[in-house]
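> I need the structure of the sequence given here:
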Amino acid sequence: MSMMMRTWEAQARADLAADQRAFAMIFEENRDYGQARRRWAEEAARLGRPTADLKLDAYLAAYRPVEQAA
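Just a heads-up that it's a prediction; the model follows:
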């Protein structure tokens, strides 16, 4: 595994953990899951984070570097 891969993967995992905590705080405000999802999508877009699911596979896909053709 290259250093570049470890860096993007570590960042994806760290951002996912932080985003899961942030979503939990948003949800705790009024316990409305639908509203929390909408608010989180807006916040994620503002932060430049994936706006889909708060799941590891979604974050890894979003953070994985695009390989360039030789």
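> from here on, just use CA atoms for contacts and neighbour counts.
OK.
> longest single helix anywhere in this structure?
helix 3-30 (DSSP state H).
> pLDDT of that helix, averaged?
Averaging pLDDT along helix 3-30 gives 90.
> and it, what does it pack onto?
helix 33-47, helix 56-63 (3 or more Cα pairs under 8 Å, 6 or more residues apart in numbering; DSSP states H and E).
> buried residues in that helix?
W8, E9, A12, R13, D15, L16, D19, F23, I26, F27 (16 or more other Cα atoms under 10 Å).
> what about that helix, distance to the chain center?
Centroid displacement of helix 3-30 relative to its chain, using Cα atoms, centre = their mean, to the nearest Å, is 5 Å.
> related to what we said a few turns ago, please produce TSV containing the buried residues of helix 3-30, extended by distance to R39.
Below are the buried residues of helix 3-30 laid out as TSV (distance: Cα to Cα, whole Å):
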residue	distance to R39
W8	26
E9	26
A12	21
R13	21
D15	17
L16	16
D19	12
F23	9
I26	8
F27	9
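> and those residues, which is closest to V66?
Ranked by distance to V66 (Cα to Cα), the buried residues of helix 3-30 are led by W8 at 11.3 Å.
> ok, now which ones touch the closest residue to that closest one other than its chain neighbours?
Once flanking residues are discounted, W8 sits nearest to Y63: 6.1 Å by Cα to Cα, 6 or more residues apart in numbering. Y63 makes contact with W8, E9, Q11, A12, according to Cα atoms under 8 Å, 6 or more residues apart in numbering.
> hmm, L60 and the second one touching each other?
Yes. Look at E9 against L60 with Cα atoms under 8 Å: they come within range, at 6.4 Å.
> in CSV: the contacts of Y63, plus distance to Y33.
Shown next, in CSV, are the contacts of Y63 (distance: Cα to Cα, whole Å):
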residue, distance to Y33
W8, 30
E9, 28
Q11, 26
A12, 24
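> so what's Q20 up against?
Residues near Q20 by Cα under 8 Å, 6+ apart: L54.
> likewise I26?
I26 touches A36, R39, W40, counting by Cα under 8 Å, 6+ apart.
> in PyMOL, select just the buried ones from these.
Burial among these is assessed by 16+ other Cα under 10 Å; the matching PyMOL selection reads:
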select buried, resi 36+40
